[in-house]
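In: give me coordinates for this.
(chains A and B)
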Amino acid sequence: MTSLATKMDSLARPAQRSGLSDLGIRNLFIIPTVLFLIVFNIFPLIYSLGYSFTDFSASANAPANFVGLRNYRELLSDEKIWANFAITAKYVIISVSGQMIVGFGLALLLNRTFPMKGLVTTLLLLPMMMSAAVVGLFWKLLYDPSWGIINYALGLGDFAWLSNPDAALFAIAITDIWMWAPFVMLLSLAGLSAVPKYLYEAAAIDRAGAWYTFRRITLPLVAPILLIALIFRTMEAFKTFDIAYIMSTQPTTEVIAIRLYKQAFQQWDTGKSCALAYIVLIMVLAITNIYVKYLNKVKER
Amino acid sequence: MRKNLKLLLAGAAFTLAGAASAHAEDLTIFWAEWDPANYLQELVNEYAAESGDTITVETTPWSDFQTKTFAEFNAHGDAYDMVVGDSQWLGAGATQGHYVDLTDFFNANKLNDVMAPATVKYYAEYPGGSGKYWAIPLEGDAVGWAYRKDWFEDPKEKDAFKAKYGYDLAIPETYAQLRDIAEFFYRPDEKKYGVAIYTDNSYDAMAMGVESAIFSYGGELGDYATYKVDGITNSKEAIAGLEMYKDLYKFTPPGWGKTFFIEDNQAITEGLAAMSMNFFAFFPPLVNKSTNPNADVTGFFANPAGPGGQRFAALGGQGISIVSYSKKQEASKKFLEWFIKDSTQKRWAELGGYTASQAVLKSPEFQNATPYNKAFYDTMFMVKDFWATPEYAEILDQFNQNIYPYVVGDKGTAQEALDKTVKDWTATFNKYNRYSN
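Out: Sure thing, here's the model as predicted:
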């Protein structure tokens, strides 16, 4: 046995020398990735930072003039932009909290053995595998007051979900919840199945109630993974564009990404758009950082 | 020496072959995705058979049309040799160098006399009155109305209408009558509604509907030459026009908050509304029985007058321009020379295109060819357009942002909406130094 191993070892060695060293393999994998990141992420990021201090317009022939912080000053004092941010915040709160509740609820229901569990779980995951544009177009039909099935099923008559300025944002958030709750469910399910069974057995021996068990065992142990789902969904919801853009053009549903798109690609106000994109980036980073800090705290416990 | 001669001959032959193959060009025309683009493809196929140059009409959905075109322009790309651009793009196309100057071509062919005056003014000339031309009018278009003849001619409805309003139910002559008729047919419990109008604010749909009312009420969107807006854009007449448009919104089918040509045609095909606003270019499916079960009972009329008797309609339609980044500008010019010939214009109208050629428009053949051509002819001599200034995308967005909450969301008043528009537009024009000279 030992001699065999030595033999194989001695056979393998020369081959390894003629091939790539560990360092070589590492470089082979890392260098293209780093190059890719620099060319497609970091370079545009820095380049657009430069543009954000100019009055550059991609559609004009005029050269860009340096205007200092004017773009930022104008954007941050523009009440319309703040209205867009308020809409975005409202949307993030409704949509993400809805996804967390529905997703975690579904995971709790699925966290037991029953026939065809695999099939049911897969079917529940389908919405998040679809393209957002397709989901938006379908839900537009479902919401239609004249022939949509939602009003028919709920007996709402001709309530116009998407034309009603107050209901439109909720309608879009519901669609987003439908699409992304399965993502939260998937993560929660992974978290739930990792909770050791003996904890529940011990709780049962101590005659702990269902609510107490949930609050003291399930929730704390699943919390880190729930927080990760929360981070992902908040970041995504903050930059929502596709669903909202397809489903409604109400000013009450104009989330910040749509305003950014209009400014950048319909009006070609490139410099100002870069500045707005940076403001959005900083906000997302700030929110994510709060979460990450909290996540680390939860993990320490 | 002989070897050299041989080489030289071979080179000459090669050059000749190259010249011959360069003669047959592949040209690309970019336009929005709608029926007229299909008609244009049929027309250019006939050109290909004659000249050997093949032409492809490439299309993209309306909502994406402007973004995609200008993305290509800004990249100085030569994917498109010609663009059938919206009338409002002229300013940007001309001043930012995207369009080839066609002034000489225009004058040499006396297109000023050939094409209908409004189409020359709005599809081709920039700045207004300068005598510089950037496009050839290709597809004339304007806002008109379709209506349900059977509802209008029903004796019971006629009597009930006369009893209620004191005059006969007929094609509306004024916006006030149009409003009465819309109110009269608005019966949600019967799933019948009064009127279908444009409310989509993602591009220019809603603005086109609103400006049709404002223009007929005697209002203007501003002085396009001096950029003066205060006191014009928010004049009494303009406010009254906007109020009328909002009034009409009350009588639309449910959920009418993001509607453009598809929805407005559905209002007729699905039997939802008595009257429906639309661009003439979208009317062909309404007279076709396979796409409109109510085709036999659908009639058409031109935009009605305002209280002062003035009568205008929003201009749609496009001119065709040569893209300055194209490497095939000569071949493109050759195509345009063919396109403006009387015989081509006649054929274009036969295929379903809305020619801007005066001779064709005035011919009885054209006017009797479809139920709506007469209304189209009437309309093309009373059209007005939105701003065509290079920053038009910005001011269009501001206009949408201010009027949409008023019309659809029932927020504020018409005065406030237009006052805010004036404030935004003044700021934008200041930003582009429009008042300095």
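In: strands of the stretch 251-400 of chain B, start to end?
Out: Secondary structure of the stretch 251-400 of chain B (DSSP state E, counting those that start in this stretch): strands located at B:273-279, B:298-302, B:313-314, B:318-322, B:383-384.
In: ok, which of those comes nearest chain A?
Out: Minimum separation from chain A across these (Cβ to the nearest Cβ) falls at strand B:273-279, 11.5 Å. No exception for glycine: its C-beta is placed from N, CA and C like everyone else's.
In: how distant is the closest one from the center of its chain?
Out: From the chain centre to the centre of strand B:273-279 is a distance of 16 Å (Cα atoms, centre = their mean, to the nearest Å).
In: just the mean pLDDT for that strand, thanks.
Out: The pLDDT scores in strand B:273-279 average 96.
In: with stretch A:235-242 instead?
Out: Averaging pLDDT along stretch A:235-242 gives 92.
In: that stretch: end-to-end distance?
Out: Separation of the first and last residues of stretch A:235-242 by Cα to Cα, to the nearest Å is 15 Å.
In: neighbouring contacts of it?
Out: Contacts with stretch A:235-242, where a contact means Cβ atoms under 8 Å, 6 or more residues apart in numbering or on different chains, come from A:88, A:91-92, A:95-96, A:132-133, A:136, A:176, A:180, A:255-258, A:261, A:280, A:283-284, A:287-288.
In: returning to that earlier point: now render the strands of the stretch 251-400 of chain B as a markdown table, adding mean neighbour count and distance to chain A.
Out: Output for those, formatted as a markdown table (neighbours: other Cβ atoms under 10 Å in any protein chain shown; distance: least, Cβ to the nearest Cβ, whole Å):
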| stretch | mean neighbour count | distance to chain A |
| --- | --- | --- |
| strand B:273-279 | 27 | 11 |
| strand B:298-302 | 20 | 19 |
| strand B:313-314 | 28 | 19 |
| strand B:318-322 | 27 | 15 |
| strand B:383-384 | 22 | 23 |
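In: which one of the ones you listed lies nearest to A:Leu199?
Out: Nearest to A:Leu199, of all these, is strand B:273-279, at 64.2 Å by Cβ to Cβ.
In: which residues does that closest one contact?
Out: B:141-148, B:151-152, B:172, B:178, B:181-182, B:184-185, B:192-198, B:208-209, B:212, B:252-253, B:261, B:264-265, B:267-268, B:316.
In: partner strands of that strand and their direction?
Out: Paired strands of strand B:273-279, with direction, are strand B:143-148 (antiparallel), strand B:193-196 (parallel) (DSSP bridges).
In: checking the residue of chain A found nearest chain B next. Helix, strand or coil?
Out: Closest contact between chain A and chain B, by Cβ to the nearest Cβ, is at A:Ser163 (2.7 Å). A:Ser163 carries the three-state label coil when classified by DSSP: H, G, I helix; E, B strand; the rest coil.
In: ok, for it, nearest residue in space, not its chain neighbours?
Out: B:Gly257 (2.7 Å; Cβ to Cβ, 6 or more residues apart in numbering or on different chains).
In: which residues touch the one you found?
Out: Neighbouring residues of B:Gly257 by Cβ under 8 Å, 6+ apart: A:Ala160, A:Leu162, A:Ser163, A:Asn164, A:Ala168, A:Ser248, A:Gln250, B:Thr199, B:Val408.
In: most neighbours among those residues, please name it.
Out: Within the contacts of B:Gly257, A:Ser248 tops the neighbour count with 28 neighbours, counted by other Cβ atoms under 10 Å in any protein chain shown.
In: surely it and A:Ala173 touch.
Out: No - A:Ser248 is beyond contact range of A:Ala173, at 11.4 Å (criterion: Cβ atoms under 8 Å).
In: related to what we said a few turns ago, sort out for me which of the contacts of stretch A:235-242 are in helices.
Out: Those of the contacts of stretch A:235-242 mapping onto helices are A:88, A:91-92, A:95-96, A:132-133, A:136, A:176, A:180, A:256-258, A:261, A:280, A:283-284, A:287-288, per DSSP state H.
In: are any of those residues buried, and which?
Out: A:88, A:91-92, A:95-96, A:132, A:136, A:176, A:180, A:256-258, A:280, A:288 (16 or more other Cβ atoms under 10 Å in any protein chain shown).
In: closest to B:Val84 among these?
Out: Nearest to B:Val84, judged by Cβ to Cβ, of these is A:Ile258 at 27.4 Å.
In: any idea how far the closest one is from B:Ala108?
Out: Note on A:Ile258: its distance to B:Ala108, by Cβ to Cβ, to the nearest Å, is 46 Å.
In: mind checking which of the strands of the stretch 251-400 of chain B is nearest A:Trp268?
Out: strand B:318-322 (18.3 Å).
In: what's around A:Trp178, how many residues?
Out: The number of residues near A:Trp178, taken as other Cβ under 10 Å, comes to 17.
In: just to be sure, A:Tyr152 is in a helix?
Out: Yes - according to three-state DSSP, A:Tyr152 belongs to a helix.
In: so what's it up against?
Out: Counted by Cβ under 8 Å, 6+ apart, A:Tyr152 has zero contacts.
In: which ones are touching A:Leu226?
Out: A:Met100, A:Phe104, A:Val184, A:Leu187, A:Ser188, A:Gly191.
In: so the last one makes contact with A:Leu219?
Out: No - counting by Cβ under 8 Å, A:Leu219 is not a contact partner of A:Gly191; they are 10.2 Å apart.
In: give me the more crowded residue out of the two.
Out: Taking other Cβ under 10 Å, A:Gly191 and A:Leu219 do not tie; A:Gly191 has more neighbours (21 against 12).
In: other SSEs contacting the helix or strand encompassing that one?
Out: Secondary structure assigned from DSSP states H and E places A:Gly191 in helix A:168-193. In terms of contacts (3 or more Cβ pairs under 8 Å, 6 or more residues apart in numbering or on different chains; DSSP states H and E), helix A:168-193 is packed against helix A:79-110, helix A:117-129, helix A:132-143, helix A:219-238, helix A:242-247.
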